[in-house]
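Novice: test case, fold it:
(one chain, ligands or ions: 1)
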Amino acid sequence: MLELYNTPHSTCSQKVRICLLEKNLEWTDRHVNLATKEHLSPEYLKINPNGVVPTLIHDGTIITDSSVICEYIDEVFPEPALAPADPAQKAAMRSWLRFIEEVPTVVVRVPSFNMAFLPRFEGLSVDEFHDQQAFQNYTISEVPPVS
Ligand SMILES: N[C@@H](CCC(=O)N[C@@H](CS)C(=O)NCC(=O)O)C(=O)O
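Specialist: Next comes the predicted model:
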């Protein structure tokens, strides 16, 4: 069974959904609501201590990080192959994956944050801002260690 914890507008989630679609795989959509900070809940942090989407659970095995998930899916479900077999071409594919992670994903984070999250903080005092944030109801010791 494939379960994808993801968010519709998240580009990292979209990457994995495209991969699942290309493979014609059946998967269960586990919607994570970033607006209500579900990704920072103790339950979600147990499966992804980084507190980000997406996370794949395949028959109980947890895989995090969108590019790692895509490569995992491609290896476990080899047909149709998405990654090239040739090592040099595979290296080029990985360069593009890394470029996407390090350049456009990072660049889009600022306007995304400004549009999606900043309005929620407007007019809050520092104390109100702290009260509104995650981790307010549980201590850091409850966050599971990265294994
Ligand atoms: N390197 C990670 C990045 C994941 C990531 O940053 N996800 C974003 C959505 S695209 C997220 O969950 N953001 C929530 C937050 O930062 O609070 C991946 O590719 O899976």
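Novice: any part of the lowest-mean-pLDDT helix or strand in the chain near the ligand?
Specialist: The least trusted helix or strand in the chain, going by mean pLDDT, DSSP states H and E, turns out to be helix 126-132, with a mean of 77. No. Helix 126-132 lies apart from the ligand when judged by Cβ under 6 Å from any ligand atom; the minimum separation is 13.9 Å. Every C-beta, even on glycine, is put in place using the N, C-alpha and C of the backbone.
Novice: what does the protein put close to the ligand?
Specialist: Counting by Cβ under 6 Å from any ligand atom, the residues of the chain close to the ligand are 10-12, 34, 39, 52-54, 65-67, 101.
Novice: just the buried ones among these, please.
Specialist: Neighbour-count burial (16 or more other Cβ atoms under 10 Å) applied to the residues of the chain next to the ligand gives 10, 12, 34, 39, 52-54, 65-67.
Novice: ramachandran angles for the nearest residue to Glu22 once chain neighbours are set aside?
Specialist: Computed as Cβ to Cβ, 6 or more residues apart in numbering, the closest residue to Glu22 that is not its neighbour in sequence is Leu82, at 6.1 Å. Torsion angles at Leu82 (phi, psi; degrees, to the nearest 10) stand at phi -100, psi -40.
Novice: for Leu82, what are its contacts?
Specialist: Applying Cβ atoms under 8 Å, 6 or more residues apart in numbering, we find Leu82 in contact with 19, 22-23, 70, 74.
Novice: can you tell me how far it sits from the ligand?
Specialist: Per Cβ to the nearest ligand atom, to the nearest Å, Leu82 is found 16 Å from the ligand.
Novice: then His130?
Specialist: The spacing between His130 and the ligand, counted by Cβ to the nearest ligand atom, is 17 Å.
Novice: hang on, the earlier thing: now, which of the residues of the chain next to the ligand lie within helices?
Specialist: 11-12, 66-67, 101 (DSSP state H).
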